[in-house]
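Sharing a model prediction with you, sequence too.
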Amino acid sequence: MTDLRKIERALISVSDKTGIVEFAQVLAEFGVEIISTGGTAKTLRDNGLQVTDVSQITDFPEMMDGRVKTLHPKIHGAFLALRDNDEHLNSMKEHEIKPIDLVVVNLYPFEKTIAKEGVTLEEAVENIDIGGPAMIRSAAKNWRDVAVITDPEAYAEVISEMRETAGSLSLRTRRRLATQAYTRTATYDLAISGYLKGQHEDETRFMTGFGVQRVSFGTSKVTNLRYGENPHQGASLTSMGQPDGVANGEQLHGKEMSFNNYVDADAAWELVNDFDELAVAIIKHTNPSGVGIGVSNDEAYRRALSTDPVSAFGGIVAFNRIVDAEVAAEVIKVFTEVVVAPDFDEDALAIFREKKNLRVLKVDRGNAGGHSGAVKQISGGMLIQDPDTHRLNADHLKFVTERKPTDVEVRSMLLAWNVCKHVKSNAIVIANETQTLGVGAGQMNRVDSVRIAAMRAERFGHQLKGTALASDAFFPFRDNVDEAAMLGVNAIIQPGGSVKDDESIAAANEHGIAMAFTGIRHFKH
């Protein structure tokens with residue numbers, strides 16, 4: 001591990017004291033000098049830890065009920081000084097400033113305070129932290145030399161790394177912690193801004209607009225993009241401060257990623273990571289043109305491509321396993337905008353680099369398949385919801401027809417269902433046990449989606465007899481089942497819950513189709 005920084009001095013000042021004593025005890029094991037303030041210093045001392053008060057460092061007492069204590073050059077200079085800068089080092093020597101290598105700060109509980117019933121404006125204002133955000137920002141700015149922790153959840157990971165490195169932290173960890181720190185101060189400031197806006201609505205209307213150059217809702221700007229969905233629209237990329245996900249992916253090759261590239265790559269990445277099996281997905285305009293599973297990347301890719309080789313042109317290809325040279329040689333035979341995967345063999349990268357414009361994106365799986373929240377903008381505001389992370393297995397199925405599905409049909413149903421979740425509503429997917437055969441997306445009525453899925457399958461010579469069909473929502477009429485029967489579909493998987501479920505079940509029984517209800521709807525608008 002390179003770029004390690006030994007932790008020799010730490011400043012700890014926390015409102016949430018969860019786990020802080022145990023964390024500080026580990027620091028003490030490594031001989032770290034602990035500097036602290038007020039209540040935190042008392043808590044640490046009460047648990048037998050040796051602590052240096054901030055006032056001993058600054059030679060200035062805490063004042064104004066603790067409002068002023070850490071806003072001092074001997075504190076911020078200890079955070080901000082670049083360790084390889086002679087001018088900075090000379091200033092430290094001249095003013096007797098010793099570097100601080102670790103800052104552990106969490107903020108006054110403003111969000112919890114304003115959530116209390118009957119809280120006054122004065123109480124809320126008293127819980128606006130000043131010194132805390134200032135220290136976090138100073139330390140985070142100098143993440144090349146200083147680590148900053150703002151969340152007790154990070155203690156265990158930091159302890160683990162320090163034990164592995166004899167009391168040091170890596171550059172990667174310091175950078176990640178800095179990202180989380182700025183995300184925290186952004187969300188904190190947004191909470192304060194939102195609260196004050198609610199208190200003085202008529203005075204703060206000018207604050208309601210958020211352009212693409214601004215940071216909002218706990219995001220941090222990563223880069224400007226050439227343009228948005230269309231050339232006349234401005235755009236930028238922001239990060240939620242986590243190390244995983246497409247927004248934080250590492251581009252290994254190719255042209256600059258565009259707005260639409262990111263949108264499609266994310267759709268492909270989310271889909272392929274909904275499979276535990278080795279899987280490949282090809283996406284066009286956020287909808288899957290094909291999905292395949294197999295024992296190798298090459299086998300899965302060929303199956304995904306065969307679903308609709310025409311729509312795959314100019315698409316996004318996503319893998320949920322490390323990409324090898326064999327499949328890379330196949331991918332470059334078709335014009336592809338982006339390849340996204342958890343990693344790539346060197347031989348595979350060498351093949352992709354033959355295509356100058358092909359974007360190759362390496363993404364940390366982390367929390368793949370689920371974000372912390374899903375946001376949609378509407379005129380005048382935003383809608384925020386939990387992500388659709390529901391995973392289905394055979395034990396969840398309720399078989400409602402006289403004929404029960406075979407094991408092969410169950411596997412086909414589950415594959416179709418997994419893919420259907422990622423298709424724009426009204427969504428229909430027809431599949432066998434190893435690949436999609438036809439996809440019908442975004443139609444105004446469900447029976448048209450069935451017909452479009454069948455049309456695509458038939459266009460590319462796929463046999464539909466004995467296949468499974470998935471629907472993202474219930475069938476409002478039996479005509480969907482009748483249509484499926486004419487295609488040769490043997491098994492249907494759908495949420496159920498329509499007032500006309502009995503009609504759909506009766507139609508399936510007439511045609512000898514096995515039908516399963518999931519009890520879960522997967523609308524994707």
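Structure's in. What do you need? Computed from a predicted structure; not experimentally measured. Numbering: from 1, shown residues only.

surely Arg391 meets Asp274?
Yes: the criterion here is Cβ atoms under 8 Å, and Arg391 meets it with Asp274 at 7.1 Å. Quick note: C-beta positions are derived from backbone N, CA and C, even for glycine.

And these two? Which one has more around it.
Between Arg391 and Asp274, Asp274 has the larger neighbour count (other Cβ atoms under 10 Å), namely 23 against 13.

ok, now which ones touch the more buried one?
By Cβ atoms under 8 Å, 6 or more residues apart in numbering, the contact list for Asp274 reads Gly369, Arg391, Asn418, Lys421, His422.

Now pLDDT too, for the residues you listed, in CSV please.
Formatted as CSV, the contacts of Asp274 follow (pLDDT from 0 to 100):
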residue, pLDDT
Gly369, 48
Arg391, 89
Asn418, 96
Lys421, 95
His422, 95
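
Tell me which two in those residues are the farthest apart.
By the measure Cβ to Cβ, Arg391 and His422 form the most distant pair in those, at 12.8 Å.

Show me what the host helix or strand of Glu483 is packed against.
Using DSSP states H and E, Glu483 sits within helix 479-487. With contacts taken as 3 or more Cβ pairs under 8 Å, 6 or more residues apart in numbering; DSSP states H and E, helix 479-487 sits against helix 446-459, strand 468-471, helix 501-511.

looking at these, which is buried most?
strand 468-471 (a mean of 30; mean count of other Cβ atoms under 10 Å).

quick check: mean pLDDT across it?
Mean pLDDT, computed over strand 468-471, is 97.

Tell me the helices and strands packed up against the helix ranked longest in the chain.
Ranked by residue count and defined by DSSP state H, the top helix of the chain is helix 171-199. Packed against helix 171-199 by the contact rule (3+ Cβ pairs under 8 Å, 6+ apart) you find helix 110-115, helix 131-141, strand 147-149, helix 155-164, strand 220-224.

6 Å - rerun?
Counting contacts by 3 or more Cβ pairs under 6 Å, 6 or more residues apart in numbering; DSSP states H and E, helix 171-199 packs against helix 110-115, helix 131-141, strand 147-149.

Need the ones you listed in a markdown table (columns: mean pLDDT and mean neighbour count).
Shown next, in a markdown table, are those (pLDDT from 0 to 100; neighbours: other Cβ atoms under 10 Å):
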| stretch | mean pLDDT | mean neighbour count |
| --- | --- | --- |
| helix 110-115 | 78 | 15 |
| helix 131-141 | 87 | 22 |
| strand 147-149 | 93 | 27 |
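
and Asp244, which of the helices and strands packed on helix 479-487 is closest to it?
Nearest of the helices and strands packed on helix 479-487 (Cβ to Cβ): strand 468-471, 27.9 Å.

hey, C-alpha coordinates of that closest one in CSV?
Backbone C-alpha positions of strand 468-471 (Å, rounded to 0.1, in the frame of the first residue of the first chain) are rendered in CSV as follows:
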residue,chain,number,x,y,z
ALA,A,468,-42.0,-17.6,-20.3
LEU,A,469,-43.5,-14.1,-20.3
ALA,A,470,-43.2,-11.5,-17.6
SER,A,471,-45.3,-8.4,-17.0
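
returning to what we had before: now the helix or strand following the helix holding Glu483, how far from the centre of its chain.
Using DSSP H and E, the helix or strand that follows helix 479-487 in sequence is strand 491-494. Relative to its chain's centre, strand 491-494 lies at 31 Å (Cα atoms, centre = their mean, to the nearest Å).

avg pLDDT for strand 491-494?
98.

Who are the packing partners of that strand?
helix 407-420, strand 468-471, strand 514-517.

Comparing those, which comes out most buried?
Taking mean count of other Cβ under 10 Å, strand 468-471 is the most buried of the helices and strands packed on strand 491-494, at a mean of 30.

Look up how far Ala268 lies from the residue nearest to Phe399 when sequence neighbours are not counted.
Using Cβ to Cβ, 6 or more residues apart in numbering and skipping the chain neighbours, the partner closest in space to Phe399 is Ala516 (5.3 Å). As judged by Cβ to Cβ, to the nearest Å, Ala516 and Ala268 stand 27 Å apart.

What values do phi and psi take at Met382?
Dihedral angles phi and psi of Met382 (degrees, to the nearest 10) take the values phi -140, psi 150.
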